[in-house]
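Chemist: Next input, structure requested:
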Amino acid sequence: METVRRVGRLRCVEVEAKSVLNRVRGMPFGWSVNPYRGCHHRCVFCYARRTHEFLERDGVSEWGSLISVKINAPEVLRRELASPSWNGDEVAIGTATDPYQPLEGRYRITRRILQELVRARTPASLITRSPLVLRDADVLRELALAAGVDVSISLPTLDADLARRIEPAVAPPRQRLRAIRALARAGIPVGIAVAPVLPHLTDDPASLRAVYAAAADAGASFTWRSLLNLGEVARDAFFAFLHDEFPALVPEYERLYRTKYAPQSFAEEIERRAGAARASVRLAPPPALEPRPQPQLRLFG
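Modeler: Sure, this is the predicted structure:
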């Protein structure tokens, strides 16, 4: 059953999920949770645009204007975490949507998911581009103490104009840096994701070094990065963006991205470049948090 609501120009589809925990293969994490399907941020490079095709929707033109909200996700997650088969593995939040896109201010699905993870003492990692994550600093700290959590803030560039063009509905880089600083001060493990690195747009060594340095100054204690990949739908969206904004780069991207991935030699060069930029920056130490001990169950005579 679906209920469609209008939130400004956004079509919001309220759906009831049958399952929330998703098994993931071939990634550093084994399980994921996505409170929404679709994302208001409209990032031109987003690989998750393909998820619209599963529902016969347009992942190019409709991406960012049609969002599905899993309104019962916290309740379903509670049931799944209580299953005898659940081993308490780490859960990644926001792998195919931003868990703190604007609708989260209205629905608070992500906050309630975090509360269920605290209840079940289940560790988590979370990735977002939004400073709205600060609203949940209290629950994130609870989770950090109960089981462990880390927050990654996506920050591919400090160039505010370029950021606006590649992430049209995302807060400017400086706001994201302020969020990193506030989370770090709250004792929550926080770092940055330079993701994705865009060839000839955000891969300049000076640009990468500036991102790492700003993150370190804000209190980030870890970093990670990934190079742009262009799978189904994302390729169409990104090339449409290039034709509009950077037409001179189109031939170079056609050469680099004959398949989903750039050539290995190019990927290795970007990794070397980014690694050198990262090596010149000293990150903050992670906060010293001791997880709470598991409660001991006792029988009383």
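Chemist: Which elements pack onto the longest strand along the chain?
Modeler: Longest strand of the chain, by residue count under DSSP state E: strand 190-197. Helices and strands touching strand 190-197, by 3 or more C-beta pairs under 8 Å, 6 or more residues apart in numbering; DSSP states H and E, are strand 149-154, helix 173-185, helix 205-218, strand 223-227, helix 264-279. In this view, the C-beta of every residue, glycine as well, is placed from N, C-alpha and C.
Chemist: Now for the residue nearest the centre of the chain: which residues touch it?
Modeler: The centroid of the chain falls nearest to Ile127 when counting by C-alpha atoms, centre = their mean (3.1 Å). Contact analysis of Ile127 by C-beta atoms under 8 Å, 6 or more residues apart in numbering lists Ala92, Ile93, Gly94, Thr95, Val151, Ser152, Ile153, Ser154, Ala193.
Chemist: can you tell me which of those lies nearest to Tyr36?
Modeler: Using C-beta to C-beta, Gly94 comes nearest to Tyr36 of these, at 9.1 Å.
Chemist: do you know how far the closest one is from Glu269?
Modeler: Counting by C-beta to C-beta, to the nearest Å, the gap between Gly94 and Glu269 amounts to 29 Å.
Chemist: any weak-confidence spans in the chain?
Modeler: 1-2, 4, 6-8, 52-63, 290-301 (pLDDT under 70).
Chemist: try it again with 80
Modeler: Low-confidence segments of the chain, defined by pLDDT under 80, are located at 1-9, 50-65, 288-301.
Chemist: Just the helices from it, written as ranges.
Modeler: 73-81, 104-107, 109-119, 137-146, 160-166, 173-185, 205-218, 234-245, 250-256, 264-279 (DSSP state H).
Chemist: Pull out the buried positions in the last one.
Modeler: Along helix 264-279, the positions that meet the burial threshold by neighbour count (16 or more other C-beta atoms under 10 Å) are Phe266, Ala267, Ile270, Arg273, Ala274, Ala277, Arg278.
Chemist: Let me know how buried the nearest residue to the last one once chain neighbours are set aside is, in neighbour terms.
Modeler: Distance criterion C-beta to C-beta, 6 or more residues apart in numbering; nearest residue to Arg278, sequence neighbours excluded, is Tyr212 at 5.2 Å. The burial count assigned to Tyr212 is 24, neighbours taken as other C-beta atoms under 10 Å.
Chemist: Distance of the nearest residue to Ile67 once chain neighbours are set aside relative to Arg181?
Modeler: With sequence-adjacent residues excluded and distances taken as C-beta to C-beta, 6+ apart, Ile67 is closest to Gly38, at 4.2 Å. According to C-beta to C-beta, Gly38 and Arg181 sit 30 Å apart.
Chemist: between these two, who's got more neighbours?
Modeler: Just comparing Gly38 and Arg181: by other C-beta under 10 Å the higher neighbour count belongs to Gly38, 32 against 16.
Chemist: I'd assumed Ser68 was in contact with that one.
Modeler: Yes. Counting by C-beta atoms under 8 Å, Gly38 touches Ser68, with 5.9 Å between them.
Chemist: quick one, which of the helices and strands packed on strand 190-197 is nearest to Arg121?
Modeler: strand 149-154 (11.3 Å).
Chemist: The closest one versus helix 205-218: what angle between them?
Modeler: Calculated by axes from the mean of the first three to the mean of the last three C-alpha atoms, to 10 degrees, strand 149-154 forms an angle of 140 degrees with helix 205-218.
Chemist: re earlier: relative to Leu140, which of the contacts of Ile127 is nearest.
Modeler: Val151 (6.6 Å).
Chemist: Please look at the closest one and Ala137 and confirm they touch.
Modeler: No. With contacts counted by C-beta under 8 Å, Val151 stays clear of Ala137, the gap being 9.5 Å.
Chemist: Give me the more crowded residue out of the two.
Modeler: Between Val151 and Ala137, Val151 has the larger neighbour count (other C-beta under 10 Å), namely 26 against 17.
Chemist: Would you mind measuring from that one to Ser221?
Modeler: 10 Å.
Chemist: Overlap of the contact sets of the two?
Modeler: By the contact definition C-beta under 8 Å, 6+ apart, Val151 and Ser221 are jointly contacted by Pro189, Val190, Gly191.
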